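Novice: Dropping the sequence and predicted coords here.
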Amino acid sequence: MQEIKKYVEENKQRFLDELFELLRFPSISADPKYKEDVLKTAEYVAAKLQAAGAEQVEVCSTAGYPIVYGEKIIDPTKPTVLVYGHYDVQPADPLELWETPPFEPTIREGKIFARGACDDKGQFYMHVKAFEIMMQTNSLPCNIKFMIEGEEEVGSSNLDKFVAANKERLKADVVLISDTAMISLENPSLETGLRGLSYLEVEVTGPNRDLHSGVYGGVVANPATILCQMIASLHDQNNHITIPGFYDDVESLTEEEREMLNAAPYNEEVYKKDLGVEDVWGELGYTTIERTGIRPTLEVNGIWGGYIGEGAKTVLPSKAYAKISMRLVPNQSSEKITQLFKQHFENIAPKSVKVKVSPHHGGEPVVTPTDSVAFRAAEKAIEESFGKKPIPTRGGGSIPIVALFERELQIKTVLMGFGLDSDNLHSPNEKYDIANYFKGIETIPLFHKYFAELSK
């Protein structure tokens, strides 16, 4: 551990400078106008992997954005860790809410502010630097493979084909991912499960053109009003989702399991203050920790229609739209939930409008075993690095590829994230604590050490 800390201390500024270079690439996979920037990011990642000591480094083409692969096989008889991450980022909008430019990383109060700082550039790059340390100190105890993709933020639509076509190349004993959060540096944790996802877009059409709201208002159905009414009806007075069959497959935890989950440190007043809200909101009968980890949800991610420019325009819009995501829990199927939503949304539409539901992407919920060699290695690594045993938690987010790895490669995943829930992921002013970045770099080599030892 001392040798690792010494190397980090001697190279601290360089590790930060390299991350800042990576963060300056606006690798927004959702917007085609950033295509060249996304491709340049992939080349940068490949170059840094090679510089760290990886072999067989390749920027692998897909039907979309490329996947960066690299490996270091020290002994085929030793265990192999497959590190997964993504170099693409969310759009930075709304830009006016950023205190500093999203692609000009800035340090304020010990935190790096930039789009992708935590999700996932800062987190996957910890693994590249940890690998460099192990190579430079001649302490790599097992084989390591890297697969860093560029389409995670748009559903990883080409990853399944790549994995299926490269099973031998990707063969490993465990997948290691840092794209999740821990409670805090004072209370380290390991996520033992993630929710699935069904993401779709709805379009409500009324008249065949925008209409004068004085001439036609109150006579012709307003698609924006109808859409709001339909969305509002998707929750009842207890904030329970009203789609028939939505909860049929939901796995219920025992009272003992719920007690263990709620044992994690949590202060509701601090939580509310951080978010600037007077009260929390959610499904009746469940705590905030349960609502974000073991219960499914339905949220509106965007809604628009009609005139939204400067000044006034009294218009009754022809169309209104919304983007909706549903987070799913174990035993729920993203495909089934998408179909249930589509049927229900079409059924509740009045005859005065037409409704179109377009699925975007989805992923399955996962639970990772806590009795595996890999999980115990992660526990030991964090305990040694932090001086405290990690608390097992359930994550509210989704990483659809975890289920893909299990299905195609027959291997489990360890979710060893170093971000924080308060890091403004997908929001303006995304940030990542410098302390967390370096703590991750120090802890990751310990995971490889204990995974090699416990695998014997």
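Specialist: Yes, it's here.
Novice: From now on I want contacts and neighbour counts done on CA atoms only, so please keep to that.
Specialist: Will do.
Novice: mind checking the longest helix of the protein?
Specialist: The longest helix of the chain (DSSP state H) is helix 434-454.
Novice: Flag every buried residue along that helix.
Specialist: Of the residues in helix 434-454, those buried by neighbour count under the rule 16 or more other CA atoms under 10 Å are 434, 436-452.
Novice: And stretch 230-243, by the same measure?
Specialist: Buried residues in stretch 230-243 (16+ other CA under 10 Å): 230-231, 234-235, 240-241, 243.
Novice: do the same with stretch 85-97
Specialist: Taking 16+ other CA under 10 Å as the criterion, stretch 85-97 shows 85-92 as buried.
Novice: Those in strands, which ones?
Specialist: Secondary structure defined by DSSP state E assigns 85-86 of those to strands.
Novice: Which pair of the buried residues of stretch 85-97 spans the longest distance?
Specialist: Comparing every pair within the buried residues of stretch 85-97 by CA to CA identifies G85 and A92 as the most remote, at 19.6 Å.
Novice: who touches stretch 262-269?
Specialist: Identification of contacts with stretch 262-269 by CA atoms under 8 Å, 6 or more residues apart in numbering yields 183, 187, 287, 289-290, 391, 393.
Novice: Tell me which residues touch F103, please.
Specialist: Here F103 is in contact with 23-26, 114-115 (criterion: CA under 8 Å, 6+ apart).
Novice: Could you list which of these belong to helices?
Specialist: In helices, defined here by DSSP H, the members of these are L23.
Novice: Could I have the buried ones of the contacts of F103 as PyMOL selection syntax?
Specialist: Buried residues among these (16+ other CA under 10 Å), as a PyMOL selection:
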select buried, resi 23+24+25+26+114+115
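Novice: On the three-state scheme, E104 is what?
Specialist: coil (DSSP: H, G, I helix; E, B strand; the rest coil).
Novice: Now do the contacts for it.
Specialist: For E104, the contact set (CA under 8 Å, 6+ apart) comprises 20, 23-24, 114.
Novice: Would you confirm that P66 contacts V59?
Specialist: Yes. Counting by CA atoms under 8 Å, V59 is a contact partner of P66 at 6.1 Å.
Novice: Please enumerate the shared neighbours of these two.
Specialist: A42.
Novice: Am I right that Y321 is in a helix?
Specialist: No. Assessed with three-state DSSP, Y321 is strand; it does not lie in a helix.
Novice: so where's the stretch 201-350 of the chain shaky on pLDDT?
Specialist: Within the stretch 201-350 of the chain, not a single segment meets pLDDT under 70.
Novice: Which parts of it are helices?
Specialist: 213-216, 223-232, 255-261, 268-275, 288-293, 334-347 (DSSP state H, counting those that start in this stretch).
Novice: Quick check: G302 vs P369, distance?
Specialist: 35 Å (CA to CA, to the nearest Å).
Novice: Repeat that for P94.
Specialist: From P94 to P369 the distance is 39 Å (CA to CA).
Novice: T100 now?
Specialist: 41 Å.
Novice: Spell out the secondary structure type for the nearest residue to G70 once chain neighbours are set aside.
Specialist: Leaving out its chain neighbours, the residue that sits closest to G70 by CA to CA, 6 or more residues apart in numbering is V57, at 4.1 Å. Per three-state DSSP, the secondary structure class of V57 is strand.
Novice: pLDDT at V57, what is it?
Specialist: On pLDDT, V57 comes in at 98.
Novice: and it, how many residues sit next to it?
Specialist: 21 (other CA atoms under 10 Å).
Novice: In contact with it, which residues?
Specialist: Under the criterion of CA under 8 Å, 6+ apart, the neighbours of V57 are 46, 49-50, 68-71.
Novice: picking that back up, for the helices of the stretch 201-350 of the chain, could you give me a markdown table that also reports distance to L415?
Specialist: Converted to a markdown table, these look like this (distance: least, CA to CA, whole Å):
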| stretch | distance to L415 |
| --- | --- |
| helix 213-216 | 53 |
| helix 223-232 | 34 |
| helix 255-261 | 17 |
| helix 268-275 | 23 |
| helix 288-293 | 14 |
| helix 334-347 | 21 |
